[in-house]
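Engineer: Sequence and predicted structure below; questions after.
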Amino acid sequence: MMISSKFLIILFLLGWALTGCNQEQDQDSEAISLNLEALISEIIDKIRQDYVDDVPQEKLIEGALNGLLANLDPYSGYLNAQDYKSLTDRVKGDFAGLGLEILVTKGVIKVIAAIDETPAFKAGIKAGDTITHINNQEVHKLSNQIVLQSLQGAPGTEVTLTIVRQDAEPFVVTLKRAVIEVSPVRFVMKETVAYIRLSFFSENASYKLGEILKGLRKSPTKLQGLILDLRDNPGGALDQAVGVASQFLDSGLIVEIKSRNPAYNQKLYSKGYDLLKGVPMVVLINKGTASASEIVSGALRDHKRAIIMGTRSFGKGSVQTLFSIPGHGGVRLTTARFYTPKGHAIQERGVEPDITIENTVPQENSKSTKADLIDAQLQRAIDLLRGLSVFQRR
């Protein structure tokens with residue numbers, strides 16, 4: 001029974017990524033590893049010889065890798081060449097799709113967030129929604145890889161989703177895929193309070209934020225406070241999270257990263273300085289605030305640099321490392337978990353706000369339009385900062 005060498009290379013590379021290529025494994029572990037590799041080869045050969053349909057080897061190996069990695073946690077997985085490119089393009093802030101950040105686990109698609117101004121955002125999809133059907137196919141009957149491929153597609157093509165939302169009837173939306181060009185930072189002055197919306201930690205987010213903050217520092221307008229809106233921000237690049245937090249902290253720990261091997265543990269510190277020199281600050285978070293957003297909000301809370309307002313964040317406190325497999329794609333593997341400066345775990349716990357306040361939501365059969373709704377969290381933040389400014393002048 002044989003399996004082609006190029007697919008064995010994939011298996012061996014995956015084994016290397018998972019084990020760290022530990023050359024000091026004892027003989028028992030080596031024997032177990034060899035037995036497992038032989039078992040995989042035997043099963044694949046059995047499928048090739050006796051399965052009712054002819055299945056391409058590439059599909060068999062890809063399915064095996066997906067099953068192996070998906071069994072670890074919801075964030076690990078194998079990426080073929082197309083999916084690998086889509087992920088790297090996403091970090092750059094330029095990709096095609098719906099603009100959804102999702103968590104696929106045990107046949108359930110949970111929406112982490114819909115990125116601002118994308119097809120998903122414009123269709124009204126929200127953090128916490130569950131997608132039960134894609135193009136009338138039940139999600140629980142689809143593999144994770146098929147789910148991701150079904151959501152992706154050429155710009156201009158359509159996909160139909162069935163959405164289940166808490167305290168609402170299921171509904172169907174048809175979205176048209178588009179090229180997503182994420183503009184991660186949006187800024188507006190609300191009289192004497194600066195409002196900065198950070199929607200995604202793409203590779204230029206920290207730089208764009210810095211330019212805005214430098215402009216505010218030079219402005220002749222008396223600044224009463226700053227609001228950093230991280231609601232429905234699904235995260236992004238770790239270095240951008242550190243860069244963003246650094247622009248509000250003169251010094252100190254931003255995040256501690258702990259892996260299975262203590263030698264790989266890291267402590268990442270502020271590499272900048274507080275550009276606004278202590279101007280009162282509120283960070284808005286909600287259940288769509290995840291990953292890199294939780295690093296920033298957790299650091300600013302622990303250093304008492306900002307008041308955190310809103311609702312508890314999502315709770316994605318793990319780090320995924322992308323291993324490239326030339327000619328095939330890559331492996332996305334959870335390699336560490338991160339902790340706030342005071343040692344609080346984020347994974348499955350999230351960041352708790354200092355001030356909890358639910359936002360305004362339309363009631364079923366309400367005649368109010370979206371424009372009539374008040375962003376209660378934002379308004380509360382503005383009022384708080386103005387009140388602090390009056391108090392400080394006394």
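Structural biologist: Noted; the coordinates are in hand.

Engineer: contacts and neighbour counts: CA atoms only from here.
Structural biologist: OK.

Engineer: quick one: secondary structure of residue 342?
Structural biologist: At residue 342 the chain is in coil, as set by DSSP: H, G, I helix; E, B strand; the rest coil.

Engineer: Quick one: name whatever helix or strand follows the helix or strand hosting residue 48.
Structural biologist: Here residue 48 sits within helix 27-50, counting by DSSP states H and E. As assigned by DSSP H and E, the chain's next helix or strand after helix 27-50 is helix 57-70.

Engineer: What helices and strands are in contact with whatever helix or strand comes next after that next one?
Structural biologist: Counting by DSSP H and E, the next helix or strand C-terminal to helix 57-70 is strand 77-80. Using 3 or more CA pairs under 8 Å, 6 or more residues apart in numbering; DSSP states H and E as the contact test, the elements touching strand 77-80 are helix 57-70, strand 329-339.

Engineer: Low-confidence ranges, the stretch 51-200 of the chain, go.
Structural biologist: Counting by pLDDT under 70, the stretch 51-200 of the chain contains low-confidence residues at 89-96.

Engineer: where along it do the strands fall?
Structural biologist: 77-80, 94-97, 100-105, 108-114, 130-134, 137-138, 158-164, 171-176, 178-181, 185-190, 193-198 (DSSP state E, counting those that start in this stretch).

Engineer: The fourth one pairs with which strands, and in what direction?
Structural biologist: Put plainly, it is strand 108-114. strand 100-105 (antiparallel), strand 130-134 (antiparallel) (DSSP bridges).

Engineer: Which of these sits closest to residue 304?
Structural biologist: strand 100-105 (29.5 Å; CA to CA).

Engineer: what does that closest one contact?
Structural biologist: Contacting residues not belonging to strand 100-105 are listed as 74, 75, 109, 110, 111, 112, 113, 114, 115, 120, 144, 234 [CA atoms under 8 Å, 6 or more residues apart in numbering].

Engineer: any chance of these in JSON lines, with distance to residue 61 and neighbour count too?
Structural biologist: Listed next are those as JSON lines, based on distance: CA to CA, whole Å; neighbours: other CA atoms under 10 Å:
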{"residue": "74", "distance to residue 61": "20", "neighbour count": "14"}
{"residue": "75", "distance to residue 61": "19", "neighbour count": "18"}
{"residue": "109", "distance to residue 61": "24", "neighbour count": "21"}
{"residue": "110", "distance to residue 61": "27", "neighbour count": "20"}
{"residue": "111", "distance to residue 61": "29", "neighbour count": "21"}
{"residue": "112", "distance to residue 61": "29", "neighbour count": "25"}
{"residue": "113", "distance to residue 61": "31", "neighbour count": "29"}
{"residue": "114", "distance to residue 61": "32", "neighbour count": "26"}
{"residue": "115", "distance to residue 61": "33", "neighbour count": "26"}
{"residue": "120", "distance to residue 61": "32", "neighbour count": "23"}
{"residue": "144", "distance to residue 61": "15", "neighbour count": "24"}
{"residue": "234", "distance to residue 61": "31", "neighbour count": "28"}
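
Engineer: Quickly name whichever of these is closest to residue 62.
Structural biologist: Among those, residue 144 lies closest to residue 62 (CA to CA), at 11.5 Å.

Engineer: so what's residue 178 closest to, chain neighbours aside?
Structural biologist: Nearest non-adjacent residue to residue 178, counting by CA to CA, 6 or more residues apart in numbering: residue 155, 4.3 Å away.

Engineer: can you pull the contacts of that neighbour?
Structural biologist: Contact analysis of residue 155 by CA under 8 Å, 6+ apart lists 96, 97, 176, 177, 178, 179.

Engineer: can we see that at 6 Å?
Structural biologist: By CA atoms under 6 Å, 6 or more residues apart in numbering, the contact set of residue 155 is 177, 178, 179.

Engineer: What does it show for phi and psi?
Structural biologist: As for residue 155, its main-chain torsions (degrees, to the nearest 10) stand at phi -60, psi 140.

Engineer: and it, how far is that from residue 81?
Structural biologist: 19 Å (CA to CA, to the nearest Å).

Engineer: and the strands of the stretch 51-200 of the chain as a markdown table, adding distance to residue 47?
Structural biologist: Output for the strands of the stretch 51-200 of the chain, formatted as a markdown table (distance: least, CA to CA, whole Å):
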| stretch | distance to residue 47 |
| --- | --- |
| strand 77-80 | 21 |
| strand 94-97 | 34 |
| strand 100-105 | 26 |
| strand 108-114 | 28 |
| strand 130-134 | 29 |
| strand 137-138 | 26 |
| strand 158-164 | 33 |
| strand 171-176 | 38 |
| strand 178-181 | 39 |
| strand 185-190 | 51 |
| strand 193-198 | 49 |
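
Engineer: Quick check: which of those is nearest to residue 273?
Structural biologist: The closest of the strands of the stretch 51-200 of the chain to residue 273 is strand 193-198. By CA to CA, the value is 18.2 Å.

Engineer: Could you list the buried residues of stretch 147-156?
Structural biologist: For stretch 147-156, burial by neighbour count (16 or more other CA atoms under 10 Å) applies to 147, 151, 152, 153.

Engineer: what pairs with the nearest residue to the last one once chain neighbours are set aside across the strands?
Structural biologist: For residue 153, the nearest residue in space outside its immediate sequence neighbours is residue 97; the separation is 6.3 Å by CA to CA, 6+ apart. Beta-bridge partners for residue 97, by DSSP bridges, are residue 178.

Engineer: Next up, the contacts around residue 97.
Structural biologist: Residue 97 is in contact with 152, 177, 178, counting by CA under 6 Å, 6+ apart.

Engineer: so where's the stretch 251-394 of the chain shaky on pLDDT?
Structural biologist: The stretch 251-394 of the chain contains residues with pLDDT under 70 at 360-373, 392-394.

Engineer: now the helices for it?
Structural biologist: Taking DSSP state H, counting those that start in this stretch, the helices of the stretch 251-394 of the chain run over residues 292-302, 376-393.

Engineer: any chance of those helices in CSV, with mean neighbour count and distance to residue 42 too?
Structural biologist: What follows is the helices of the stretch 251-394 of the chain, written out as CSV (neighbours: other CA atoms under 10 Å; distance: least, CA to CA, whole Å):
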stretch, mean neighbour count, distance to residue 42
helix 292-302, 27, 42
helix 376-393, 15, 58
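
Engineer: Columns distance to residue 269 on top of those helices, output as a markdown table?
Structural biologist: A markdown table is the format used below for the helices of the stretch 251-394 of the chain (distance: least, CA to CA, whole Å):
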| stretch | distance to residue 269 |
| --- | --- |
| helix 292-302 | 10 |
| helix 376-393 | 27 |
